[in-house]
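>>> everything below, folded, please.
(one chain, ligands or ions: 1)
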Amino acid sequence: MAKKPSQSRRSPDDQVTIHDQKLSRGSGGELHQTAGGDTEAMTTAHGVPVSDDQNTLKIGTRGPTLIEDFHFREKIFHFDHERIPERVVHARGYGAHGYFETYASLADYTRADIFQRAGEKTPAFVRFSTVAGSKGSFDVARDVRGFAVKLYTKEGNWDLVGNNIPVFFIQDAIKFPDLIHSVKPEPDRAFPQAQSAHDNFWDFISLTPESMHMVMWVMSDRAIPRSFRFMEGFGVHTFRLVNANDESTFVKFHWKPKFGLQSVVWNEAVKINGADPDFHRRDLWQAIQSGDFPEWELCVQLFDQEFADSFDFDILDPTKIIPEEIIKPMPVGRLVLDRMPDNFFAETEQVAFMTQNVPPGIDFSNDPLLQGRNFSYLDTQIKRLGSTNFSHLPINAPKCPFNHFQQDGHMAMRNPVGRANYQPNSWGMGPREDPQRGFRSFADAEEGQKVRLRPESFADHYSQARQFFISQTVPEQQHIAMALTFELSKVETPVIRERMVSHLLNIDEGLAETVAEKLGIKELPKKADAAIAPRDDLQASDALSIVKNGPASFAGRKVGVLVTDGCDAGIVKKLAAALKKEGAMMEIIAPKVGGVEASDGSFIEGQQMIDGGPSVLYDAVALIVSPEGAEKLTKEATARDFVADAFAHCKFIGHVEAAQPLFDKAQVELDEGFIELGSAAGISSFIESCRKLRLWAREPKVKM
Ligand code: HDE
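Purely as a prediction, here's the structure:
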């Protein structure tokens with residue numbers, strides 16, 4: 001009988017070859033992997049050893065498949081159910097484990113156990129995310145980033161579910177579905193994906209003046225971060241700390257990255273998304289796997305009712321900040337991420353954050369957005385994870401003892417043990433409430449009529465938007481103008497563009513005029529009606545600028561070094577050593593990924609080939625090429641782009657003299673951002689320049 005190759009892949013010596021892995025049959029009939037490490041015997045989910053995982057059970061080799069093939073049925077059944085609903089917002093995310101270390105006791109302000117002892121380490125899990133895109137969308141979308149932290153404290157889980165922007169688009173939770181519907185792909189055409197640059201979003205925004213402050217942040221470079229590691233995080237809402245005497249202090253939470261702030265530019269973001277859609281997750285993975293653990297300081301802005309009553313804006317309004325110059329954030333601990341999940345789905349996908357997860361000593365304010373969120377997050381978990389028992393999953397379960405009478409339901413794994421599953425009971429069994437240690441809500445006095453009204457104290461929608469804008473450096477202001485222009489250029493309905501310009505006129509006239517001019521709007525619209533006259537007396541705040549809060553070093557950053565055959569191995573080695581000393585990474589890019597042979601005959605291994613390692617993936621670049629190598633590269637479009645993009649994105653460019661023909665071909669004009677690496681002094685000067693991250697002074701030359 002003729003044998004089709006797919007019918008049996010077993011050879012007479014009982015060996016099977018699958019994708020170059022050899023599996024041999026052990027004495028007990030079990031299969032062992034003979035290349036690539038030991039594995040255990042495969043079983044069904046019910047523990048029955050599997051004899052053949054390559055062929056379904058059939059009548060004869062070419063006959064029908066038998067329904068009794070329980071292994072096949074189970075395997076396909078499970079596969080068919082692998083997907084769970086993605087998060088309705090923040091679908092694309094990436095997480096890591098770590099710990100929070102408390103600096104000093106905050107017992108005066110809070111009884112939260114996590115803040116009682118200096119040096120206390122609390123396990124943590126953090127998930128970063130974008131908001132608008134689906135799970136498979138690209139990382140460097142212009143979007144808010146989620147910064148959700150789960151702290152497994154000794155008195156229960158505390159989820160600080162924040163963003164990388166300290167304000168939000170809306171003031172009342174009832175508007176959230178509208179906001180999200182408007183930014184997601186338009187329902188009739190199902191595009192654009194992971195982009196706010198379309199009519200529906202700007203239609204909603206331009207009809208929602210309360211979003212103007214947030215819009216300024218989203219149009220700034222904050223919305224295109226270089227790395228999760230270089231972003232701030234914010235709790236956004238005002239929360240409360242409550243001490244053992246039941247006294248409350250208002251608090252705003254800020255995460256400050258140890259490595260300083262850094263973003264990319266828009267043209268770069270667009271190219272990164274093509275070159276590496278996983279740019280942010282790969283960055284976090286690489287940093288943690290190489291032992292370069294990202295770190296943030298938790299800072300608190302503390303204030304009392306008296307401050308709240310005297311502050312310019314309502315502390316319950318989530319579209320407002322308290323400038324750091326008015327209340328200085330106090331560092332209270334640090335968060336270190338030092339371990340990637342073992343399995344993305346089990347941990348990062350199934351982690352369930354909930355704003356209502358607060359331990360005793362931390363409490364809510366009446367911020368209407370926070371109140372709405374406290375309702376939403378429980379609801380969303382049941383939809384996504386499919387069972388009330390999602391808290392049984394290891395990633396969601398508290399790491400402190402827990403005890404209650406909740407039972408049964410889908411996938412119950414920890415039911416109460418023994419006869420008593422209710423309370424009070426006469427059996428002296430089971431947990432009891434503890435009025436002393438238990439969570440007590442802050443006994444705030446509330447009274448009033450039932451109304452559906454916004455407080456008047458929420459009515460100023462423009463003053464802090466203006467404050468944000470004037471706090472930026474000139475290049476950052478230009479980026480905001482360019483972002484608004486780009487986004488609105490994708491809006492097809494002219495009246496929406498004009499409506500946006502009418503809002504900008506209340507924020508900054510210069511900005512409004514620039515955007516209008518770039519959009520080709522000939523006549524400026526009239527200013528949008530403002531519920532309260534915008535103020536122009538708010539002082540600029542340096543804390544709001546990324547450029548003013550960059551790192552003092554180049555640590556944690558990455559240089560892409562383009563090499564060719566015949567290059568100077570000495571320079572490559574010296575640059576590598578200097579970058580290592582600085583705490584920075586280096587990646588070699590070669591015409592072929594294998595690597596190159598240097599002038600001294602040594603071999604330099606490449607991590608990327610030129611097509612796969614465009615300069616947008618790096619914070620700075622170096623060209624260490626031989627004259628012949630450079631000549632060849634002049635004919636490579638990707639090599640010319642490598643240079644032209646690094647130049648256009650205002651990056652520092654280290655080089656040897658031989659790189660000149662490539663610069664000529666890429667039509668770049670050498671400026672102070674080009675640094676010769678031929679000497680030790682050259683290398684240190686390159687590293688020193690790199691600490692500034694970008695040469696913004698070049699930008700006017702490369703941008704209209
Ligand atoms: Fe969320 N948000 N949100 N949100 N949010 C969710 O919960 C919601 C808001 C934030 O990595 C959902 O588990 C409402 C502000 C983050 O898993 C959902 C409102 C801030 C994450 C939900 C807001 C956030 C979410 C979807 C308006 C910054 C991702 C999946 C009242 C302070 C957490 C999920 C993760 C996720 C509701 C507004 C941050 C649907 C109703 C403001 C970081 O429950």
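
>>> any idea how far the ligand is from the residue nearest to Gly361 when sequence neighbours are not counted?
Leaving out its chain neighbours, the residue that sits closest to Gly361 by C-beta to C-beta, 6 or more residues apart in numbering is Ala112, at 3.1 Å. No exception for glycine: its C-beta is placed from N, CA and C like everyone else's. Look at Ala112 and the ligand: by C-beta to the nearest ligand atom, to the nearest Å, they are 19 Å apart.

>>> quick one, what contacts Ala112?
Ala112 sits next to 106, 153, 155, 158, 241, 359-362 when contact means C-beta atoms under 8 Å, 6 or more residues apart in numbering.

>>> again with Thr153
112-114, 122, 359, 400.

>>> weed out the non-buried ones from those residues.
Among the contacts of Thr153, those classed as buried by 16 or more other C-beta atoms under 10 Å are 112-114, 122, 359.

>>> can you redo these as TSV with pLDDT?
Shown next, in TSV, are the buried ones among the contacts of Thr153 (pLDDT from 0 to 100):
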residue	pLDDT
Ala112	98
Asp113	98
Ile114	98
Thr122	98
Pro359	98
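
>>> strands - which of the residues you listed land there?
Here DSSP state E is the test, and the buried ones among the contacts of Thr153 give Thr122 as lying in strands.

>>> among the contacts of Ala112, which are in helices?
Among the contacts of Ala112, DSSP state H puts none in helices.

>>> count of neighbours near the residue of the chain found nearest the ligand?
Nearest residue of the chain to the ligand (C-beta to the nearest ligand atom) works out as Gly146 at 2.7 Å. Residues near Gly146, counting by other C-beta atoms under 10 Å, number 22.

>>> just the element for it, please.
In the assignment (DSSP states H and E), Gly146 maps to strand 145-153.

>>> okay, now the sheet partners of that strand, with direction.
strand 121-130 (antiparallel), strand 156-163 (antiparallel) (DSSP bridges).

>>> and this structure, which residues reach the ligand?
Residues of the chain that fall close to the ligand, judged by C-beta under 6 Å from any ligand atom: 87-90, 93, 127, 129, 146, 148, 161-163, 168, 173, 176, 236, 353, 369, 372-373, 376-377, 380.

>>> show me what contacts the most centrally placed residue in the chain?
For the chain, the residue nearest the mean C-alpha position is Phe128 (3.5 Å; C-alpha atoms, centre = their mean). When contacts are counted by C-beta under 8 Å, 6+ apart, Phe128 is found next to 93-95, 145-148, 228, 231, 280, 284.

>>> go again with 7 Å.
93-94, 145-147, 228 (C-beta atoms under 7 Å, 6 or more residues apart in numbering).

>>> do Gly673 as well
652-653, 695, 698.

>>> make a markdown table out of the residues you listed and add secondary structure and neighbour count.
Converted to a markdown table, the contacts of Gly673 look like this (DSSP: H, G, I helix; E, B strand; the rest coil; neighbours: other C-beta atoms under 10 Å):
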| residue | secondary structure | neighbour count |
| --- | --- | --- |
| Phe652 | coil | 27 |
| Ile653 | strand | 25 |
| Leu695 | coil | 18 |
| Arg698 | helix | 21 |
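
>>> of the residues you listed, which is the nearest to Ala443?
Leu695 (56.6 Å; C-beta to C-beta).

>>> can you report phi and psi for the closest residue to that closest one other than its chain neighbours?
In space, and not counting its chain neighbours, Leu695 is closest to Gly673: 3.9 Å by C-beta to C-beta, 6+ apart. Here is the backbone geometry of Gly673 (degrees, to the nearest 10): phi -80, psi -10.

>>> same thing with Glu297?
phi -100, psi 130.

>>> what's the closest of the strands paired with strand 145-153 to Gly678?
Closest approach to Gly678 among the strands paired with strand 145-153 is made by strand 121-130 (40.5 Å; C-beta to C-beta).
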